[in-house]
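> Pasting a predicted model and its sequence here:
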Amino acid sequence: MSADLDVKDPRLQRLNALRLMIRDCVLEDGYRFPARFAEAVVLSETGREWFDHVMATVPDLSPGDAKAAVFAEFVVGRDLTFSLAETDFELARQVIGEEVRNRRIHYPWVFGRALDDAYIRFYGNTPQSYLGHSESLELLRTVPQGVFQVADVTVGPLGMLLVPEYRSLPPTTCGPAIECLDPGCVTVHHSRLMTGDTPSGDAYREIIPQVAVDMALARRVMDLYLPDDEHLRTDNRWGLPWLLTNGLSEAERRTLLVSLLGDNTDGVREFVGRHLGRELADQPATRIAETVDGPVLFQLLLTVTDGSLVLKLEEAIADGRIHVARTETRRPIRSKHENGGYFGSECQASRLGVRFVPRNVEVAPVALKHLITSLYAGDAREDLDWRLRTVPGNDAMTRLDGYLRTTPPREVIARLILDDRALLLAAFRELRYGMFRLPRTPDEESELIDRMLWKLGYPQDTPDSPDTAVRQFGAQLTGLLLTSTGPSSPVDRAEDVRSVGINLFTALERLLTSTLRFVCWALLSDPYPDERNRRFVFRRSWADRSLAETMSDPAGVPVGFDYDPAGRNSLGVLIQAFRVLATKCEQVLEREGDFVRDEARVPFFAARASSVYTFPFLHTRLVLDLSHDSRQSLLAALRNFASALETGRVVEVRNSLVHDGDDFPTAARIRDACAMVGKGLDILVEHGLLPTIYTCVGQSVDTYRRKVMLMTDGAGHTVQLGSPSELDQCELPPYERPQIILTGARLALTGEPMRMRYEEETEFTRMWDDYLARASRAGDIQDLHPE
């Protein structure tokens, strides 16, 4: 039988989807399958034998329940339990679809945070392995009907529907995901939901222990919903539904639906008309998107192909209708048993588009080589050999290997793909999905290369250092003064100087504001709070509040210092604020005992003296957990920065340039001010006090398995970090993620610099704020301590 099983037969794929959807659901106690379901399912000879068996052994069993149990088993030995030719899938789909629409069959809404929030409201933060049936139903009734898809069959609030795209999003009874009560454990505990006590369930359990499993056939059945042609791809696309739900906000999903409805992509308006009514389908796209609720919206999104979804999503990101920040990579949050295929691929989105990449395998160089060899397959291999004729090697593949090892990926794409229109179009097809257009300008070509590299698995390029604009305007201003050499020489081209000077000091004020915000947050906040999404994370809105509170506290503030919490501060106030911040840090040092971390908030591993891992965050203010020398050096740097700008009379020069008058500064004064601005910035850079983003650009490993991770910023400054590290259990950001490294903030007892993830504020980040709730009762935590 197994050799004859055609796993590409759409009838078999759909019936397999049906059996998964009636098997992996939550039914109420005493639920009975409708009689019409029994009419739809025609059993095979083997199935009839088991039907007779359960009818004879399970009391109070109806034919519909018996058939449901036998059909859900699907195969016994080497035989299907049903007749593929005679079973009426369409009738079964209608029957089960009605049960789902009326919520007589329940599926958990596993997307977003609704189910987890409901669990915490009912049962608190203590994880449970499973919920009893009554508790499961109580929880499910507070959240929407779930949405799932197997093959081209979706199930959800609209019922059971056929869609044009095959996917693997099988139903699950895996319920809420709750954080471990150990503050240092990153494990998420899933609570299983329990179905009711039903006659069909009794019959199903009667069959299972007596069935011999044919492993060859079992693998073939698995191919029905995990087909090899997608399952074995490194760019497996099955994670896209998770990105749509757990990587976009509901407002962003509505934006996407509006775009699809506007073009009637893949006939989505006709689908609305068939299932939600012609009157609604005739409404404007925005009206339709505003009318439907979240689960219906998601089921509507699944009615179009993945290619259309990716294209429309990338268009919305490109034109700003969906805002994805410069350094942001959207990843699905809390994807419950997401199926990423053999390689565990994940769907991600950035400003460069959507991609599908393995979570734990570095695939980009291999993917680039695969793309090149696919484009130059067959007779085209001679063309590749010619293009690489100057590269050492005996044949095209040897030359290609050497070329890929020594050439920047951007240059590889430019040389081997972009200079041939046909090859470029073929590359678009190989990359499958996305907003690809032939470039017309150098900027468009550069952006296209960035997009292609991103989709292959390469990281985004490192953003410019925050001091770039100030240094550029300073150099431009100094260049304008070259013709004015004497100490009292008048300035030539005064209006040009004034214009550039205004740009310089505007950029400087922005930089000082962002630096104060960052340093205050870094030194005077808790790097390891209860809210896990805030651990080792810098976000502007959080830091703004911290800075405003710190500067508004009158303790230690000099007379006349008037900091505006709303951020409208003069250059003079901003410079003075660096001194004030140093004083505020010293005040915290004097009150060290007030900031000792509660023992219940210390990770369990840190409580063991024998642990090889270190937890240096013993206070709720980072400045207290730095080494003495590092701490003193940082506070001196803050004051030295202010002194440098005061010595250069930067405020005076700024005011003279900005305001019309007779006291226009001399060239020498302007040059001195620019020089001292540069010196001050050098002080901040040296101590890692600018909110500079670093990305990992390489690593090396020696014989003893010691790794050195090479991190670089937009200005080319490099930092080397060792791995493995004694801090590996502390939840510091992974090296491969963009992060800020406070090179001058060395942690006590370790010598390692403080690192934190840079998180730009978007609708997506706000959606998950306060999600990772923590247990607050010390007793709960104590109970979970290992023996």
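Looks like it arrived, so ask away. In this text the structure is predicted, and so the values were computed from the model without any measurement.

> use CA for all of it now, contacts and neighbours both
Fine.

> what comes up buried for stretch 342-362?
343-358 (16 or more other Cα atoms under 10 Å).

> Oops, could you answer that again for stretch 451-461 instead?
Buried residues in stretch 451-461, counted by 16+ other Cα under 10 Å: 451-460.

> and what of stretch 164-183?
Along stretch 164-183, these residues count as buried under the neighbour rule (16+ other Cα under 10 Å): 165-183.

> Report the backbone C-alpha coordinates of it in PDB.
Presented in PDB, the C-alpha positions along stretch 164-183 are these (Å, rounded to 0.1, in the frame of the first residue of the first chain):
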ATOM      1  CA  PRO A 164      -5.100  28.600  -3.400                       C
ATOM      2  CA  GLU A 165      -1.800  28.100  -1.400                       C
ATOM      3  CA  TYR A 166      -0.600  24.900   0.200                       C
ATOM      4  CA  ARG A 167       0.800  25.500   3.800                       C
ATOM      5  CA  SER A 168       1.700  23.500   6.900                       C
ATOM      6  CA  LEU A 169       0.100  25.200   9.900                       C
ATOM      7  CA  PRO A 170      -1.500  22.100  11.600                       C
ATOM      8  CA  PRO A 171      -3.900  22.500  14.500                       C
ATOM      9  CA  THR A 172      -2.500  22.100  17.900                       C
ATOM     10  CA  THR A 173      -3.900  21.900  21.500                       C
ATOM     11  CA  CYS A 174      -0.700  23.500  22.800                       C
ATOM     12  CA  GLY A 175      -2.100  26.300  24.800                       C
ATOM     13  CA  PRO A 176      -0.500  29.200  26.700                       C
ATOM     14  CA  ALA A 177       3.200  29.800  26.900                       C
ATOM     15  CA  ILE A 178       4.300  31.000  30.300                       C
ATOM     16  CA  GLU A 179       7.800  32.100  31.400                       C
ATOM     17  CA  CYS A 180       9.600  29.900  33.900                       C
ATOM     18  CA  LEU A 181       9.500  31.300  37.500                       C
ATOM     19  CA  ASP A 182      13.300  31.100  37.700                       C
ATOM     20  CA  PRO A 183      14.300  34.600  36.800                       C
END
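
> now that stretch, how far from the chain's geometric center?
16 Å (Cα atoms, centre = their mean, to the nearest Å).

> do stretch 369-377 as well
The chain centre lies 30 Å from the centre of stretch 369-377; the measure is Cα atoms, centre = their mean.

> what's the answer for stretch 234-245, then?
In terms of Cα atoms, centre = their mean, the centre of stretch 234-245 is found 12 Å from the chain centre.

> and which of the buried residues of stretch 342-362 is nearest F664?
The closest of the buried residues of stretch 342-362 to F664 turns out to be R351 (Cα to Cα; 44.2 Å).

> Checking my notes, E328 in a helix, right?
No - under DSSP: H, G, I helix; E, B strand; the rest coil, E328 sits outside any helix and is assigned coil.

> Quickly note the distance from the residue lying closest to it once chain neighbours are set aside to L91.
Once flanking residues are discounted, E328 sits nearest to S350: 6.0 Å by Cα to Cα, 6 or more residues apart in numbering. Using Cα to Cα, to the nearest Å, S350 is found at 43 Å from L91.

> could you list every residue that touches L384?
Residues near L384 by Cα atoms under 8 Å, 6 or more residues apart in numbering: 376, 396, 416.

> Kindly recompute the last result at 6 Å.
If a contact means Cα atoms under 6 Å, 6 or more residues apart in numbering, then L384 has no contacts.

> Tell me the helices and strands packed up against the longest helix seen in the chain.
As assigned by DSSP state H, the longest helix anywhere in the chain is helix 494-524. Judged by 3 or more Cα pairs under 6 Å, 6 or more residues apart in numbering; DSSP states H and E, the packing partners of helix 494-524 are helix 468-480, helix 540-552.

> could you dump the ones you listed to a markdown table with distance to P724 and mean neighbour count?
Below are the helices and strands packed on helix 494-524 laid out as a markdown table (distance: least, Cα to Cα, whole Å; neighbours: other Cα atoms under 10 Å):
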| stretch | distance to P724 | mean neighbour count |
| --- | --- | --- |
| helix 468-480 | 33 | 18 |
| helix 540-552 | 30 | 17 |
